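# Please work out how this folds:
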Amino acid sequence: FPNVHNIDADCFIDDNGQAYLYWGSGFKWINGKCMAVKLNKDMHTFIGKPIEVTPPGYFEAPHMIKRNGQYILMFSEGKAIDDTYKIGYSTAKTPFGPFETGKNSPILSTIPGTKTVGPGHHTVLNFKGQDFILYHRIVPQTEKYVLRELCMDSLQFDVLGNIQKVIPKK
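The predicted structure follows:
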């Protein structure tokens, strides 16, 4: 699709079994765009044409979850190569938006003086009723390339369904 960096695809399956595909980024660390489309049962052909659903602050790495009937589109913003990279989210009443910035967003960002530098590009999983967020962060180094490490932390919600700020374990 023109003017969209067509990377970072992520599939979401709604409660009724309908699958959606989300993807997209920007070029030169600016103007990220998020595209979305319904998927056929074969999980690789589209129902209709993709539409842009870019929420405020979005750069790349979309990941949709649903909680208490609310659609939560999580994503990365900033540059994946420095301490501006972080995880934010927006909410909507439908899988295609319109999206509004979520309370507490961004939920995970660089914490000065710690190992948490440039956290982003995540996924969410549920294990035995507990939600977890898996993401990468930058390993501080003096080299010219970026090393990353995988992290996993608890993902908590308040009683209204807002994602709480993530507190990294270390």
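# Contacts only, for the residue nearest to residue 84 when sequence neighbours are not counted.
The shortest distance from residue 84 to any non-neighbouring residue, by CB to CB, 6 or more residues apart in numbering, is to residue 78 (3.4 Å). (C-beta placed from N, C-alpha, C; glycine too.) Neighbouring residues of residue 78 by CB atoms under 8 Å, 6 or more residues apart in numbering: 59, 84, 85, 86, 118, 120.
# Name the spans of this protein whose pLDDT lies under the cut-off.
Residues of the chain meeting the criterion pLDDT under 70: none.
# List just the nearest of the contacts of residue 78 to residue 136.
Using CB to CB, residue 120 is the member of the contacts of residue 78 that sits closest to residue 136, with 6.9 Å.
# you'd agree the closest one is up against residue 87?
Yes. Under the criterion of CB atoms under 8 Å, residue 120 makes contact with residue 87 at 5.6 Å.
# Give me the more crowded residue out of these two.
residue 120 (27 against 24; other CB atoms under 10 Å).
# what pairs with the more buried one across the strands?
According to DSSP bridges, the residues that bridge with residue 120 are residue 136.
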